[in-house]
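Asker: below is the sequence, then the predicted model.
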Amino acid sequence: MTEMYAIAIDVGSTYVRSGLINLKGEIVYSFKMPSKAVLSEGEIIALINAAVRKCAGAADNSVLGVGIGFPGIVENNIILGGVDNLPGFHNVDLGSLIAASTGLNVLVDNDANMMAWGELQFGAGKNCSDAVFLTVGAGIGGSAVINNKLYGGYRNKGMEFGHIVINFDGPACSCGGRGCFEAYASIKALIKDYARLTGNNISDLNGKIITRNYLAGETAAVEAMNLHFHYMAAGITSLINIFSPQKLIIGGGVSDSGNFYVQEINRRVAERAMPDTFSDSMIVCSQMGNESCLLGCASRVFSTPMLLQSNS
Ligand SMILES: [Zn+2]
């Protein structure tokens with residue numbers, strides 16, 4: 001029997017990452033295409049179509065289906081909105097559009113949900129029935145698995161962990177509100193703090209430079225990272241008190257910079273979380289990194305019986 005594959009597409013505002021994944025969860029082929037310069041919704045859709053075709057070609061058309069992780073609110077394969085860093089996408093039936101142009105079965109979900117699925121099946125969330133996922137980058141996204149099911153709120157419009165309000169009168173946030181977790185603890189906020197302390201240009205900085213300088217003991221980097229840890233702990237303490245997850249998994253940003261990162265957050269959360277909510281919880285780093293979304297997309301394709309039947 002020919003080996004069957006899932007095509008996985010991770011749509012981001014910097015890259016569209018694509019991969020071909022076999023039933024063992026191995027990424028056998030992958031590539032990324034820049035999406036930073038795209039100007040319209042149509043161009044993004046064209047990019048996704050091109051990526052799917054390229055993968056299908058590489059799989060010699062032995063494809064069970066396509067899983068797409070998209071950075072917005074998704075209900076029944078339709079992008080309802082909530083897309084911050086890409087143009088358009090209000091009530092766009094992305095699933096049907098890609099299915100019509102490629103002839104393949106397509107599943108679309110929020111990218112943080114797909115990442116959560118990848119970590120649950122193959123990574124740091126293995127064997128967890130209750131887990132919370134945080135992706136820390138330019139913004140902060142997240143998702144939660146409650147009793148083995150992704151929970152998204154009514155019509156998947158909830159789980160906006162980046163917009164937990166830390167200070168109602170705080171700095172303006174990308175969501176239009178003020179003082180959100182994201183406005184204080186994202187990598188964008190960390191870079192802003194470090195630039196303010198050093199006089200450096202924001203465009204010359206990234207999270208890796210700051211963590212490197214922090215580990216070297218540079219005063220400004222230590223001060224900026226202490227602020228970052230402080231606010232990360234504030235948001236995460238709230239999440240632990242609400243969900244009491246077995247694992248709270250942090251991905252993206254600087255979470256892969258070393259054990260010190262989660263250890264420092266763990267230490268601060270342990271001091272402030274309600275003891276009973278934290279007693280069975282662990283704060284850990286994502287194990288799959290950039291691949292968690294692709295693997296989540298694939299595992300969703302493999303675990304959807306409708307797709308398996310229609311291709312058998
Ligand atoms: Zn906000």
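Answerer: Received the coordinates, thanks. Numbering: from 1, shown residues only.
Asker: who does residue 282 bridge with?
Answerer: Bridge pairing for residue 282 (DSSP bridges) gives the partners residue 247.
Asker: got a list of what it touches?
Answerer: When contacts are counted by Cβ atoms under 8 Å, 6 or more residues apart in numbering, residue 282 is found next to 246-248, 266. In this view, the C-beta of every residue, glycine as well, is placed from N, C-alpha and C.
Asker: okay, those in a markdown table with distance to the ion next?
Answerer: Converted to a markdown table, the contacts of residue 282 look like this (distance: Cβ to the ion, whole Å):
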| residue | distance to the ion |
| --- | --- |
| 246 | 27 |
| 247 | 25 |
| 248 | 20 |
| 266 | 25 |
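Asker: the helices in the protein, which residues?
Answerer: Per DSSP state H, the chain has helices spanning 41-58, 94-102, 111-122, 181-185, 187-198, 207-215, 219-243, 259-272, 275-278, 292-302, 305-311. These are given in chain order.
Asker: and the contacts of residue 282, which is closest to residue 13?
Answerer: For residue 13, the closest of those turns out to be residue 248, at 24.9 Å, with distances computed as Cβ to Cβ.
Asker: still on that earlier bit, between the contacts of residue 282, identify the one with the most neighbours.
Answerer: In terms of neighbour count, residue 248 stands highest of those at 27 neighbours, by other Cβ atoms under 10 Å.
Asker: out of the helices of the chain, the one nearest residue 28 is which?
Answerer: Using Cβ to Cβ and comparing the helices of the chain, the one that lies nearest residue 28 is helix 41-58, at 8.3 Å.
Asker: by contact count, what packs against that closest one?
Answerer: strand 5-11, strand 15-22, strand 27-34, strand 63-70, helix 94-102 (3 or more Cβ pairs under 8 Å, 6 or more residues apart in numbering; DSSP states H and E).
Asker: put the alpha carbons of the shortest one into PDB.
Answerer: Okay, so that is strand 5-11. Listed next in PDB are the C-alpha coordinates belonging to strand 5-11 (Å, rounded to 0.1, in the frame of the first residue of the first chain):
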ATOM      1  CA  TYR A   5       0.400  11.800   3.900                       C
ATOM      2  CA  ALA A   6      -1.300  14.800   5.400                       C
ATOM      3  CA  ILE A   7      -0.400  18.200   4.000                       C
ATOM      4  CA  ALA A   8       0.100  20.800   6.800                       C
ATOM      5  CA  ILE A   9       0.100  24.600   6.300                       C
ATOM      6  CA  ASP A  10       1.000  27.000   9.000                       C
ATOM      7  CA  VAL A  11      -0.100  30.500   7.900                       C
END
